[in-house]
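S.K.: Requesting a structural model of the entry that follows:
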Amino acid sequence: MGNRRRHRIASVHVEEVKAVVSRLTGALVRAFLVMLLIATPSVILPGTGPDTQQMVALIALFGGVLTFAEYNAVYPSLVEFRDAPPFNRIRYLALFLTVFILSVIEAANIAPTSFTRLFEALGLLIGHSLDFPYSPVRLATMMMSENASAADISAVRSAAGTAYIISLISLAFFVVIFKLKGWPSRHKDFNVWVNLPTFEPTAGGDVVDRLERDARLNLSLGFLLPFLIPAVVTLVSGGFDPVTLTSPQTLIWTMAAWAFLPASLLMRGVAMGRIAAMIRQRRVANLPPTHPGIVAAL
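M.R.: Residues are numbered from 1 along each chain as shown. Prediction:
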């Protein structure tokens, strides 16, 4: 009896150590990937000044530390869907591809090579294809001031079209995974509190109704933001200064945020709608607490 008890305690201790090591390793990898994302434009673009490099390194370090602290903690505070892959992985991959490709396109204007020229040609083709009346790309080019040159408008068109098509592809990929894989997995528990740390289940009202309302709000904002952002910018500032908007770093991050934020909101809306549907099904079926599904303090 004593030997069995000791073996049981030792196995539990080993499992706890493995969980801590796995969480620590995952947090370190994610922190490195975030730092790589932030530093990508400065690494790819030639001629980046030392002051810019130091600022980017400081921001990358801050982002890495924040990511490590969030993913290494047992209880999250900001990052949503931390334990519901591949939601955040798809979002990160979409943002990284956007920043990387836009950086390569901008590098073609500074130090052209056959590799960068290829991406520049693809960006121009995509930008012209998506530049039709009332399209998000057409509205993005309207953020430029009236004295912007044709080259400045072409650069914004190419960057906006490339970023927008990547966001659409990432959204389509997420929907395919959502349908085929049955996200989130039905074979493991889904903790609403861990994966939605900013959502307060006891704030008032029915949880399912609030989740569905938030899902509709995110879907609406995700659809409208590509059209609203250029309109608001044009009304407030009268158009960006072309020297500012077409500076490589500013153009890359502006277009990446303009395309990534709506796609991220659309993904979040789909995900929250799915969680609401799972809770509703759980209530209807009146399943026992041990059944694989949703575990939450609702």
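
S.K.: Which parts of this structure belong to which domain?
M.R.: 1-74, 85-295 (automatic domain parsing).

S.K.: now those in a markdown table, with mean pLDDT?
M.R.: Putting those into a markdown table (pLDDT from 0 to 100) gives the following:
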| stretch | mean pLDDT |
| --- | --- |
| domain 1-74 | 83 |
| domain 85-295 | 85 |
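
S.K.: Which stretch among those domains is buried most, on average?
M.R.: Greatest average neighbour count among the domains of the chain goes to domain 85-295 (a mean of 17), per mean count of other CB atoms under 10 Å. Glycine gets a C-beta too; all of them are placed from N, C-alpha and C.

S.K.: Quick one: distance of it to the chain centre.
M.R.: With CA atoms, centre = their mean, to the nearest Å as the basis, the distance from the averaged C-alpha position of domain 85-295 to the chain average is 7 Å.

S.K.: now do stretch 48-59
M.R.: Shown here is stretch 48-59, whose average C-alpha point lies 23 Å from the average C-alpha point of the whole chain (CA atoms, centre = their mean).

S.K.: Could I get the full set of helices for the stretch 151-298 of the chain?
M.R.: Across the stretch 151-298 of the chain, reading from the start of the chain, the helices by DSSP state H, counting those that start in this stretch fall at 192-195, 207-237, 242-245, 248-285.

S.K.: Which one of the ones you listed lies nearest to residue 111?
M.R.: helix 248-285 (11.6 Å; CB to CB).

S.K.: now the angle between helix 207-237 and that closest one, please.
M.R.: Counting by axes from the mean of the first three to the mean of the last three CA atoms, to 10 degrees, helix 248-285 points 160 degrees away from the direction of helix 207-237.

S.K.: Can you spell out which helices and strands pack onto helix 248-285?
M.R.: Based on contacts counted as 3 or more CB pairs under 8 Å, 6 or more residues apart in numbering; DSSP states H and E, the elements that helix 248-285 packs against are helix 2-44, helix 87-110, helix 150-180, helix 207-237, helix 242-245, strand 294-295.

S.K.: you'd agree residue 80 is in a helix?
M.R.: No - counting by DSSP: H, G, I helix; E, B strand; the rest coil, residue 80 is not found in a helix; it is coil.

S.K.: in terms of contact, does it touch residue 196 like I think?
M.R.: Yes - because the distance of 5.7 Å satisfies CB atoms under 8 Å, residue 80 is recorded as touching residue 196.

S.K.: ok so, going back, wait, which of the helices and strands packed on helix 248-285 is closest to residue 189?
M.R.: Between residue 189 and the helices and strands packed on helix 248-285, the shortest separation by CB to CB is 4.4 Å, and it involves strand 294-295.

S.K.: Tabulate the helices and strands packed on helix 248-285 (a markdown table), appending distance to residue 258.
M.R.: Formatted as a markdown table, the helices and strands packed on helix 248-285 follow (distance: least, CB to CB, whole Å):
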| stretch | distance to residue 258 |
| --- | --- |
| helix 2-44 | 16 |
| helix 87-110 | 10 |
| helix 150-180 | 7 |
| helix 207-237 | 6 |
| helix 242-245 | 11 |
| strand 294-295 | 34 |
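
S.K.: Brilliant, that's me finished.
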